[in-house]
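Undergrad: what follows is a protein structure lacking sequence information:
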């Protein structure tokens, strides 16, 4: 085989692969642009449903928080991505905090309710990348996540392995610690509001 023909064939393959890559990237960009608003609305709907479940019959209003919560200097500290005051019948009922602690598979999105009396109203995982059957139980197992409700919202919660009262998910201690850290962070953020 002539080496010039061989070189021309390789060049043609490079051009074809380059065109395929360009078309795929263009399609992904278009699909992302078309779906980003719907994805954002779905995330808002999940958040709102979780807040309504944690503090029922309340109206929620967005609350400004300090940058130390929304962009913490410590990379291990969870990001607070939203704080919402709960009002029932014109009275302050507490807050719901959207917080993003790092679990085993990456960031979890967690909604934590803090009652006006200083107790945890509840918690709910709305998004995660945890291991199915293990860390994913943080979202799927209502009894497990339910153990946070009624606990003191003083930032002192810990899993039993760390001397606390929160039973960790079997085989998913990292996820359990992440959720507990998220609840503690939410409690501390609410305490800073005064």
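TA: Received the coordinates, thanks. Worth saying up front: this structure is predicted, and the values here are computed from it rather than measured.
Undergrad: drop to CA atoms for contacts and neighbour counts, all remaining ones
TA: OK.
Undergrad: so when I look at residue 129, I'm seeing a strand, right?
TA: No. Membership of residue 129 in a strand is not supported by DSSP: H, G, I helix; E, B strand; the rest coil, which gives coil.
Undergrad: for it, which residues are in contact?
TA: Residues in contact with residue 129, defined by Cα atoms under 8 Å, 6 or more residues apart in numbering, are 105, 106, 107, 108, 136.
Undergrad: once you drop chain neighbours, what's closest to the last one?
TA: The shortest distance from residue 136 to any residue that is not its chain neighbour, by Cα to Cα, 6 or more residues apart in numbering, is 5.1 Å, and that residue is residue 130.
Undergrad: ranking the contacts of residue 129 by neighbours, who comes first?
TA: The residue in the contacts of residue 129 with the most neighbours, by other Cα atoms under 10 Å, is residue 108 (25 neighbours).
Undergrad: leaving out chain neighbours, which residue sits closest to that residue?
TA: In space, residue 108 is closest to residue 128, 4.4 Å off (Cα to Cα, 6+ apart).
Undergrad: also residue 113?
TA: Residue nearest to residue 113 in three dimensions, not counting chain neighbours: residue 96, with 4.3 Å by Cα to Cα, 6+ apart.
Undergrad: tell me the helices and strands packed up against the host helix or strand of the one you found.
TA: Counting by DSSP states H and E, the element that carries residue 96 is strand 91-100. The elements that strand 91-100 packs onto, with contact taken as 3 or more Cα pairs under 8 Å, 6 or more residues apart in numbering; DSSP states H and E, are strand 79-88, strand 109-115, helix 173-192.
Undergrad: Throw those into TSV and include distance to residue 60 and mean pLDDT, thanks.
TA: Formatted as TSV, the helices and strands packed on strand 91-100 follow (distance: least, Cα to Cα, whole Å; pLDDT from 0 to 100):
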stretch	distance to residue 60	mean pLDDT
strand 79-88	5	95
strand 109-115	12	96
helix 173-192	15	95
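Undergrad: now render those as JSON lines, adding distance to residue 162.
TA: Output for the helices and strands packed on strand 91-100, formatted as JSON lines (distance: least, Cα to Cα, whole Å):
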{"stretch": "strand 79-88", "distance to residue 162": "23"}
{"stretch": "strand 109-115", "distance to residue 162": "21"}
{"stretch": "helix 173-192", "distance to residue 162": "9"}
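Undergrad: relative to residue 20, which of these is closest?
TA: Ranking the helices and strands packed on strand 91-100 by proximity to residue 20 (Cα to Cα) places strand 109-115 first, at 35.7 Å.
Undergrad: run the chain-centre distance for that closest one.
TA: Mean C-alpha position of strand 109-115 versus that of the full chain (Cα atoms, centre = their mean, to the nearest Å) differs by 11 Å.
Undergrad: noted, bye for now.
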